[in-house]
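Undergrad: pasting the sequence and the predicted model now:
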Amino acid sequence: TDGVTYAITITGGLTATTIHDAGSATPGNDNPLTSPPVIKFTVDITNPTVSSVTPANGATGVSISQAITIVFNETCVMDYRKYNNLNIQLTDSAGKIIAANLSPSPKPYRTLTITPAAGLEYDTTYTLTLSNITDAAGNLLGGTGSYTTSFTTKLMSASSYSMVPAFLSAPVTPNVLIVL
């Protein structure tokens with residue numbers, strides 16, 4: 001049953017003085033087990049899921065400086081040090097992989113923020129794909145190990161321009177033809 005903790009008691013000649021915890025990282029710092037030794041474990045057969053994603057799937061008018069934030073319902077196993085290692089990819093509508101940085105939340109690592117290395121393009125659909133994602137027990141994200149979400153950035157507007165070229169703001173002499 002999922003979420004149930006089981007305990008196995010070891011009998012038959014094994015004692016706490018002869019068995020030590022092999023999980024100690026420091027030599028000579030063994031931790032004796034209880035007597036009689038008991039092994040406890042919890043069964044996990046529940047698939048992890050995406051609790052929320054920002055921007056929302058199908059969102060339009062998204063800022064070109066928007067980071068993508070994914071919140072999982074439990075800790076997922078992925079290499080947060082690598083991007084575009086085939087399990088986390090942000091692509092544009094032409095399939096081009098967009099360079100980005102990954103920032104996991106502090107433990108228990110349930111939130112992942114993906115920040116594009118450069119601004120996104122206007123009026124472009126982007127797709128974030130997560131593949132081969134599992135929890136620590138090996139349960140696949142959403143039952144398949146994959147998750148996909150898409151959003152479209154806002155249209156460029158006149159207010160999107162931050163600078164007016166000097167030749168457009170210079171005084172113009174009457175009766176002079178300017179060809180652009």
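TA: Noted; the coordinates are in hand. In this text, all values refer to a predicted model and were calculated from it rather than measured experimentally.
Undergrad: show me the contacts for residue 75.
TA: 48, 107-110, 135-136 (Cβ atoms under 8 Å, 6 or more residues apart in numbering). All C-beta spots, glycine's among them, are computed from the backbone N, C-alpha and C.
Undergrad: so which of these is the most crowded?
TA: residue 48 (25 neighbours; other Cβ atoms under 10 Å).
Undergrad: what separates that residue from residue 150, distance-wise?
TA: 21 Å (Cβ to Cβ, to the nearest Å).
Undergrad: also residue 143?
TA: When residue 143 is compared with residue 150 (using Cβ to Cβ), they lie 20 Å apart.
Undergrad: more crowded one of those two?
TA: Between residue 143 and residue 150, residue 150 has the larger neighbour count (other Cβ under 10 Å), namely 15 against 10.
Undergrad: pretty sure that one sits against residue 58.
TA: Yes: if you go by Cβ atoms under 8 Å, residue 150 and residue 58 touch, sitting 6.7 Å apart.
Undergrad: quickly list what residue 88 is bridged to.
TA: Residue 88 has these beta-bridge partners by DSSP bridges: residue 130.
Undergrad: count of residues packed around it?
TA: 22.
Undergrad: pretty sure it sits against residue 127.
TA: No: using Cβ under 8 Å, residue 88 is not in contact with residue 127, being 12.0 Å away.
Undergrad: show me where pLDDT drops low in this protein?
TA: 1, 3, 9-37, 78-86, 158-180 (pLDDT under 70).
Undergrad: how about the strands in it?
TA: Secondary structure of the chain (DSSP state E): strands at 5-9, 38-42, 50-54, 59-62, 68-72, 88-91, 100-104, 111-116, 125-130, 147-153.
Undergrad: can you pull the contacts of residue 117?
TA: Going by Cβ under 8 Å, 6+ apart, the list of residues near residue 117 reads 98-101.
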